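The sequence isn't on hand, but the structure is:
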């Protein structure tokens, strides 16, 4: 399973670090991603990281502000979010890739991030 | 970036109906497409990956087809538990964009 934490309320320009604790699978063998969803709206891919952690990808909307990372020794995925904007307000999900495919077969329950003055 | 569109945006059908949702990509994505089901307040659930592979545990009334830039999700006999929003997502090249969703109700 995947269990996110670290969400909360922050002012514009602030920072938050999300965590996603993984269990019951070999964490280091799978790419992991963050996907967000504004309440009542659609899904937006945010960032992905390969199993080794050596390669990362991010959406243009967060590039230079958000950093995805992982600690395979602790089976944990992170998303460091800096210079937060009002439009970053959303539920953030972590998700595991299938393996041979980059579809997401396991999702966390989501953690809410609210950016407001 | 590859853009994804879905149609219809909403649909209402009866129990037992055959339902088809379409997803189009702005460029060919081969078969690198997934379908997800999302119910209110819940995380998305993978239904179909690689365009036509049924995820383990998903009822066989769900099926996916297509390749290139045109894909479909079919529910062969709509059930009350299928009320949800359905999203397609490509994973051909980053960014892995999602379609805008199709809301299905009965």
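Sure, I can see it. These numbers come from a predicted model, not from an experiment.

Please count neighbours and contacts with C-alpha atoms only from this point.
Will do.

partner residues bridging the residue nearest to residue B:101 when sequence neighbours are not counted?
Spatially, and ignoring its direct neighbours in sequence, residue B:101 is nearest to residue B:87 (4.5 Å; CA to CA, 6 or more residues apart in numbering or on different chains). Judged by DSSP bridges, the bridge partners of residue B:87 are residue B:36.

repeat for residue A:95
Bridge pairing for residue A:95 (DSSP bridges) gives the partners residue A:33, residue A:107.

I'd like to know how far the most centrally placed residue in chain A sits from chain B.
For chain A, residue A:34 is the residue whose C-alpha lies nearest the centre (CA atoms, centre = their mean; 3.0 Å). Residue A:34 is 11 Å from chain B, where distance means CA to the nearest CA, to the nearest Å.

was I right about that residue contacting residue A:49?
No. Between residue A:34 and residue A:49 there is no contact under CA atoms under 8 Å: 9.2 Å.

With residue A:4 as the reference, measure out to the residue nearest to the centre of chain A.
10 Å (CA to CA, to the nearest Å).

Return every residue with contacts to both of those two.
Counting by CA atoms under 8 Å, 6 or more residues apart in numbering or on different chains, the common neighbours of residue A:34 and residue A:4 are A:93-94.

mind checking pLDDT for the nearest residue to residue B:71 once chain neighbours are set aside?
Spatially, and ignoring its direct neighbours in sequence, residue B:71 is nearest to residue B:23 (5.1 Å; CA to CA, 6+ apart). What the model reports as pLDDT for residue B:23 is 98.

now do residue A:99
If you check residue A:99, the pLDDT there is 82.

Does it touch residue A:31 like I think?
Yes. Using CA under 8 Å, residue A:99 is in contact with residue A:31, at 7.3 Å.

out of the two, which sits in the busier spot?
Neighbour comparison, residue A:99 and residue A:31: the larger count goes to residue A:31, with 23 against 14 (by other CA atoms under 10 Å in any protein chain shown).

So the more buried one versus residue B:89, what's the distance?
16 Å.

Please apply the same query to residue B:14.
Separation of residue B:14 from residue B:89 (CA to CA): 26 Å.

Look at these two and report which has more neighbours.
Legend: neighbour count by other CA under 10 Å for residue B:14 and residue B:89, higher for residue B:89 (28 against 13).

Now the more buried one: phi and psi?
The phi and psi values for residue B:89, taken as degrees, to the nearest 10, are phi -150, psi 130.

ok so, going back, neighbours of the residue nearest to residue B:71, how many?
Residues lying near residue B:23 (other CA under 10 Å) number 26.

count of neighbours near residue B:44?
Here the number of neighbours of residue B:44 (other CA under 10 Å) works out to 25.

whoops, I mixed them up, residue B:71
22.

Does it touch residue B:28 like I think?
No. With contacts defined as CA under 8 Å, residue B:71 does not count as touching residue B:28, sitting 10.8 Å away.
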